[in-house]
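Just a sequence and a predicted model for now, questions to come.
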Amino acid sequence: MKPETCHYEAGTCREPSWGEEFCFQPHVVYLANSSSIKVGITRQTQIPIRWIDQGAVQALPIFRVQSRYISGLVEIAIAKHVSDKTSWQQMLKNKAEPIDLAARRDELIAVCNAELDEITRRFGPKAIDC
């Protein structure tokens, strides 16, 4: 299930205990470079395992968020500007060029500012932490 399609709050979650265990815990939105820049999400407890699994040669956490649902909303906002997929064919060629992830983070935060503000307004000031 895509995190942004969570329907727990609507009371229609088929596995509410799973949602409570896995969805309602801190998640991290990150930038990674495995073939080129991409945005991704993972539970906080899965760092750096998720990056290694994806073959990332670089990774940078950019936000800590309260839940899987919020991480999906943030990922969608950023994915309008960078991919949210790993090109596994390119990753296997192991030719990823270094990327200044911190500079890209700053650019992406600036262009996504209105959407990030809306998420914070909707879920509260602790929803997204830099």
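That came through, no problem.

Please verify my assumption that Arg64 contacts Tyr30.
No. Counting by CB atoms under 8 Å, Tyr30 is not a contact partner of Arg64; they are 10.0 Å apart. Placement of C-beta: from N, CA and C, glycine included.

neighbour count winner among the two?
Between Arg64 and Tyr30, counted using other CB atoms under 10 Å, Tyr30 has the larger neighbour count: 24 against 15.

Doesn't that one lie inside a helix?
No. Read with DSSP: H, G, I helix; E, B strand; the rest coil, Tyr30 is strand and lies in no helix.

give me the beta-bridge partners of it?
Gly40, Pro61 (DSSP bridges).

just Ile128 next, same as before
Going by DSSP bridges, Ile128 forms beta bridges with Val65.

and the gap between it and Glu107?
Separation of Ile128 from Glu107 (CB to CB, to the nearest Å) stands at 17 Å.

Neighbour count for the two, which is higher?
Each of Ile128 and Glu107 had its neighbours counted (other CB under 10 Å), and the higher figure belongs to Ile128 (21 against 13).

For the more buried one, give me its contacts.
Neighbour list for Ile128: Phe63, Arg64, Val65, Ile70, Val74, Leu116, Ile119, Thr120 [criterion: CB atoms under 8 Å, 6 or more residues apart in numbering].

any idea of the mean pLDDT for the host helix or strand of Asp117?
Under the criterion of DSSP states H and E, Asp117 resides in helix 113-123. The predicted model assigns helix 113-123 a mean pLDDT of 97.

One more: stretch 100-107?
On average, stretch 100-107 scores 98.

Please apply the same query to stretch 31-47.
For stretch 31-47, mean pLDDT rounds to 92.

next one: phi and psi at the nearest residue to Leu60 once chain neighbours are set aside?
Sequence neighbours aside, Leu101 is the residue nearest to Leu60 in space, at 4.0 Å (criterion: CB to CB, 6 or more residues apart in numbering). For Leu101, the backbone dihedrals are phi -60, psi -30 (criterion: degrees, to the nearest 10).

again, but for the one 4 residues further on
In terms of degrees, to the nearest 10, the main-chain angles of Arg105 are phi -60, psi -50.
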